[in-house]
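Asks: okay, structure incoming, though there's no sequence with it:
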């Protein structure tokens, strides 16, 4: 396969709030560990857009392609950044997120483009076929990749996400009737996009210190089982994306409908958070029921299982990898 990858960059991007003058020794130690555990590459997708791919520091072990949550970053998966995890992870930042470029055609940010980016990253890392993991909207990408290119996918690992029609799955724990879920969430995204000139500067000034982190962890949107330092790093990075662009991505992603699961013939595992307000557990369970041999497990947690239950989630991924090897 032709490779589009450049040599790894020296390390993770450092935001203004992470400058050494205002950090503790513990923060410096953590950043040094992250510096060593994430490696970045430039990959050119099919339409010429250069996306920022990343991989962890694991050299040996099975490789997993991770289709991440919309606009999220490597630091949302602390257990996979631990070199002792034994899993080599390859992933990328969505278009316009991190140092991934925005496409010349602004409409090239939907599911078709996400799948093209996934294929470009696989080709750049010489991955002919592997297990594909997805989180949140990344579950859509993972299943679309498996249906369009079944020869490239040996297994599917879906975390806190449904295979299509994601916006119609939001709000179940809030008792929002299903017919109103997508119209409500899409209109919220449109309103936030319009208000972005005001909201983005405010979001970037949020001090992600102990107080803000504690409020988020005890909000019910996320559970306190997530470690404060890991939440802080992931959220700081997430907030670097302008809100108007994030909502632009979200609105295009909302157009993706349910995928046909009858064509899925590889081992599949669904991991749901019992109190997830962004992915209906019932939708995840019924998706698993429609795939022959698929596994469904519901954990005590929210949409942020990679931060709240990292060890359990990664162990389930290891179990899937072993099953695929068998």
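Replies: Received, thanks. Every value quoted in this text rests on a predicted model; they were computed, and no experiment measured them.

Asks: when you work out contacts or count neighbours from here on, use the C-alpha atoms and nothing else.
Replies: Noted.

Asks: just checking, residue 90 touches residue 55?
Replies: Yes - between residue 90 and residue 55 a contact is recorded at 4.5 Å, counting by C-alpha atoms under 8 Å.

Asks: who's in contact with the residue at minimal distance from the centre of the chain?
Replies: In the chain, the residue lying closest to the centroid (C-alpha atoms, centre = their mean) is residue 68, at 2.0 Å. Neighbouring residues of residue 68 by C-alpha atoms under 8 Å, 6 or more residues apart in numbering: 91-93, 134-138.

Asks: distance-wise, check it relative to residue 159.
Replies: 10 Å (C-alpha to C-alpha, to the nearest Å).

Asks: who touches both of those two?
Replies: With C-alpha under 8 Å, 6+ apart, residue 68 and residue 159 have common neighbours 134-136.

Asks: so can I have CSV of the residues you listed showing secondary structure and neighbour count?
Replies: Output for the shared contacts of residue 68 and residue 159, formatted as CSV (DSSP: H, G, I helix; E, B strand; the rest coil; neighbours: other C-alpha atoms under 10 Å):
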residue, secondary structure, neighbour count
134, strand, 25
135, strand, 26
136, coil, 23
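
Asks: of all those, which comes closest to residue 293?
Replies: residue 134 (18.5 Å; C-alpha to C-alpha).

Asks: tell me the phi and psi of residue 89?
Replies: Per-residue torsions, residue 89: phi -110, psi 130 (degrees, to the nearest 10).

Asks: that one and residue 67 touch, don't they?
Replies: No - taking contacts as C-alpha under 8 Å, residue 89 lies outside contact range of residue 67: 10.3 Å.

Asks: more neighbours: which of those two?
Replies: Higher neighbour count among residue 89 and residue 67: residue 67, with 28 against 24, using other C-alpha atoms under 10 Å.

Asks: and that one, what does it touch?
Replies: Contacts of residue 67 by C-alpha under 8 Å, 6+ apart are 91-92, 118, 132-135, 138-139, 141-142.

Asks: show me what counts as buried in stretch 53-68.
Replies: 53-58, 62-68 (16 or more other C-alpha atoms under 10 Å).

Asks: coming back round to it: can I get the shared contacts of residue 68 and residue 159 in CSV with distance to residue 239?
Replies: Compiled in CSV, these are given as follows (distance: C-alpha to C-alpha, whole Å):
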residue, distance to residue 239
134, 21
135, 18
136, 18
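
Asks: and the residues you listed, which is closest to residue 319?
Replies: residue 134 (15.9 Å).

Asks: bridging residues for the closest one?
Replies: Counting by DSSP bridges, residue 134 forms beta bridges with residue 67, residue 158.

Asks: is it in contact with residue 145, as I believe?
Replies: No - at 10.8 Å, residue 134 and residue 145 do not qualify as touching, with contact defined as C-alpha under 8 Å.

Asks: which neighbours do those two have in common?
Replies: Common neighbours of residue 134 and residue 145 (C-alpha under 8 Å, 6+ apart) do not exist.

Asks: A helix includes residue 90, no?
Replies: No - looking at residue 90 with DSSP: H, G, I helix; E, B strand; the rest coil, it is strand, so not inside a helix.

Asks: and it, bridged to which residues?
Replies: Beta-bridge partners of residue 90, as defined by DSSP bridges: residue 55, residue 65.

Asks: which other helices and strands does the strand or helix carrying residue 116 contact?
Replies: Assigned by DSSP states H and E, residue 116 belongs to helix 111-124. For helix 111-124, the elements it packs on are strand 38-44, strand 88-92, helix 137-148, judged by 3 or more C-alpha pairs under 8 Å, 6 or more residues apart in numbering; DSSP states H and E.
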